[in-house]
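> Pasting the sequence and the predicted coordinates here, then a few questions.
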Amino acid sequence: MTLEHLPISFFKNDALTVAPALLGKRLVVSKGEVILSGMIVETEAYRGSDDASSHAYNGKTQRNSNMFEEGGTVYIYMIYGSYFCLNFVTGNKNDGQAVLIRGVEPLDGLDVMRFNRFGVFGKKPIDKNLTNGPGKICKAFGIDKSYNGESLSGTKIFITNEKKISKQSILSSSRRGITKGKEHLWRYYIHENKFVS
DNA sequence: AGGGTGATATACT
DNA sequence: GTATATCACCCTT
């Protein structure tokens, strides 16, 4: 497996550029001996002061402060009291932009993921239910608030090149779960991939 | 379709 | 300090 990090400069672009470009890249989470990884298949872009449904819209708060860090920083938040969501900050410091990871196709550590999600080991066939949603990904990968503020240039969590996705198989749609403001086609996903939510 | 879940921000005493 | 509304979700029917 390729272990070359994507350069941090990759994340210092607009969220609308980074979100589709992340499709087909590999998310790697390293826990000592155990490596968990998967291919990113669905993302959503969130911008700053011009995006009413972004956490950053009303400026910096205790929860979202890491969203105002420089591109290449990890932003984790808890939603509905139960689930964590994984985001990568994009652009420059104080932009308040990020990309939410919504769908991942598991590659390494499937048995551990299955245990994290359902509390059982086993060699059952890969279930799309494992990682087809932002909360599910964090549960499967064991990502919690302790990853908030980590840099993607480190070894705990990072992104590598996996596979080139042809432009035709990248589709976009409106974002999910959005109730505020004007909605845009800022959700990106790989056509007909099983792990899209 | 409907409910569980509790952290978070904001607006009040 | 308390109260209330609001969630970038998941699971079960």
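Arrived safely, thanks for sending.

> For the rest of this, base every contact and every neighbour count on C-alpha atoms.
OK.

> give me the low-pLDDT residue ranges for chain A?
A:1-3, A:123-125 (pLDDT under 70).

> Run a quick neighbour tally on residue A:40.
When neighbours are defined as other Cα atoms under 10 Å, residue A:40 has 26 of them.

> cool, and residue A:173?
13.

> Check the one 4 residues further on too.
Here the number of neighbours of residue A:177 (other Cα under 10 Å) works out to 7.

> And the helices in chain A, which stretches?
A:15-21, A:110-118, A:134-141 (DSSP state H).

> what about those helices, which gets the closest to DNA strand B?
Checking the helices of chain A against DNA strand B by Cα to the nearest atom of the strand gives helix A:134-141 as the closest, at 10.0 Å.

> quick one: that closest one to chain centroid distance?
Taking Cα atoms, centre = their mean, to the nearest Å, one finds the center of helix A:134-141 at 10 Å from the center of the full chain.

> got the CA coordinates for that helix in PDB?
Extracted in PDB, the C-alpha atoms of helix A:134-141 (Å, rounded to 0.1, in the frame of the first residue of the first chain):
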ATOM      1  CA  PRO A 134     -20.400  10.300   8.600                       C
ATOM      2  CA  GLY A 135     -21.300   8.900  12.000                       C
ATOM      3  CA  LYS A 136     -20.700   5.300  10.900                       C
ATOM      4  CA  ILE A 137     -17.200   6.100   9.600                       C
ATOM      5  CA  CYS A 138     -16.000   7.600  12.800                       C
ATOM      6  CA  LYS A 139     -17.400   4.700  14.800                       C
ATOM      7  CA  ALA A 140     -15.800   2.100  12.500                       C
ATOM      8  CA  PHE A 141     -12.400   3.900  12.400                       C
END
